[in-house]
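Q: Here is my input; please provide its structure:
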Amino acid sequence: MKSGSHILIVEDNASFRELIREVFGYLGYRVSEASNGLEGLALMDSTPINLAIVDLEMPQMNGLEFTKRVKEKNPQFPVIMVTAYAALHSPAEIANANVDAFLQKPVGVDALINMVEQL
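A: Residues are numbered from 1 along each chain as shown. As a prediction, this is how the structure comes out:
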């Protein structure tokens with residue numbers, strides 16, 4: 001993903017969302033935010049987004065359900081999933097969601113930047 005692309009952050013932790021927004025905004029990306037999957041889907045319906053960084057565990061709609069719905073509309077849409085709770089879900093369940101990349105929290109900023117740039 002190139003600088004100038006539009007990234008959607010779907011994350012219920014406001015501090016982590018703000019950190020990601022500031023880092024990618026500084027790097028020249030446009031950034032939108034949602035605090036859960038339902039808000040994220042609504043934003044994607046109204047705004048052209050190029051990539052989503054999605055938390056796995058969120059209220060109202062988790063990252064797996066969000067990713068499933070996004071990939072039903074556009075199977076090629078890139079999704080990076082992050083979580084501190086990977087043990088709550090099987091690797092097969094996460095793989096079946098067709099996420100493009102997966103990072104365990106705490107996420108290193110450099111690792112996340114590299115992942116975004118690769119997609």
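
Q: Every contact and neighbour count from this point should use C-alpha atoms.
A: OK.

Q: what ranges of the chain fall below the confidence cut-off?
A: Along the chain, segments meeting pLDDT under 70 span 85-96.

Q: Determine which residue lies closest to the centroid of it.
A: Centroid-nearest residue in the chain: Ile53, 1.6 Å away (criterion: CA atoms, centre = their mean).

Q: Could you look up the SS state of that one?
A: Secondary structure state of Ile53, per DSSP: H, G, I helix; E, B strand; the rest coil, is strand.

Q: measure it to Val10 for me?
A: 6 Å (CA to CA, to the nearest Å).

Q: Could you do Ala101 as well?
A: 15 Å.

Q: So between those two, which is more surrounded?
A: For Ala101 versus Val10, the count of surrounding residues by other CA atoms under 10 Å is larger for Val10: 28 against 16.

Q: what sits against the more buried one?
A: By CA atoms under 8 Å, 6 or more residues apart in numbering, the contact set of Val10 is Arg17, Glu33, Ala34, Ser35, Asn36, Gly37, Gly40, Ala52, Ile53, Val54, Asp55.
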